[in-house]
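S.K.: coords please:
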Amino acid sequence: MKTSCVLASVVLCAGAAFAQTPAEPPISPRIRLGPLGLSPRVGLTNLGIDTNVFNEIENPKHDFTATLSPHTDFWLRLGMARVSGSATFDYVYFGHYSSERAVNTYDQLRVAVPLRRVVPYATASIVNATCSSVCASEATEWRAADGDR
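M.R.: Predicted coordinates:
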């Protein structure tokens, strides 16, 4: 009796177990081309006046700035393999100080092969960010503050 009571409580209180997240799209893609699914979008991620473009203590320079960010998520089925990823292209615009303009790309790729009980996968990321010397010195300070993670 005691054993069946314990077994019943374990079965009734057990929750679902999830080992890995699937490489499938969480929602249906906006564009479907056969096995390829695409979800493009465009964002205006930065718009306004930068009151200290060069991070100067004396006589700070100000300028209008905007960042336009086209982005797409994609999913592709290749036999048993599931390929997913994203690509982002940022165009950073400064009105007067054209030396601060930049083009940045952020790309991610994941290949997963769902097996019976496990889903082995490989991921890769590429960041190609162009920025001024001020931006580079700030990135160095952020890495030092984060402990070079």
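S.K.: Is there a neighbour count for Leu44? I'd like the number.
M.R.: Leu44 sits with 9 neighbouring residues when counted by other CB atoms under 10 Å. Just so you know, the C-beta spots here come from the backbone N, C-alpha and C atoms, and that holds for glycine as well.
S.K.: Need the pLDDT of Ala102.
M.R.: Listed pLDDT for Ala102 reads 92.
S.K.: same deal with Val53?
M.R.: 89.
S.K.: That one should be in a helix, yeah?
M.R.: No. The assignment for Val53, made by DSSP: H, G, I helix; E, B strand; the rest coil, is coil rather than a helix.
S.K.: Report the contact partners of it.
M.R.: Pro60, Lys61, His62, Asp63, Thr65, Phe94, Tyr97, Glu100, Val134 (CB atoms under 8 Å, 6 or more residues apart in numbering).
S.K.: Name whatever forms a beta bridge with the fifth one.
M.R.: This points to Thr65. Gly48, Phe94 (DSSP bridges).
S.K.: what's the spacing between it and Val127?
M.R.: Noted for Thr65: a distance of 20 Å to Val127, by CB to CB, to the nearest Å.
S.K.: These two: which is more packed in?
M.R.: Ranked by neighbour count (other CB under 10 Å), Thr65 and Val127 place Thr65 first, with 19 against 10.
S.K.: That one touches Thr51, doesn't it?
M.R.: No. With contact defined as CB atoms under 8 Å, Thr65 does not reach Thr51; the gap is 10.3 Å.
S.K.: Now do the strands for the chain: every range, in order, please.
M.R.: 31-33, 36-50, 63-78, 81-94, 102-112, 121-128 (DSSP state E).
S.K.: could those be laid out in CSV, adding distance to Glu56?
M.R.: Listed next are these as CSV, based on distance: least, CB to CB, whole Å:
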stretch, distance to Glu56
strand 31-33, 46
strand 36-50, 12
strand 63-78, 13
strand 81-94, 15
strand 102-112, 19
strand 121-128, 27
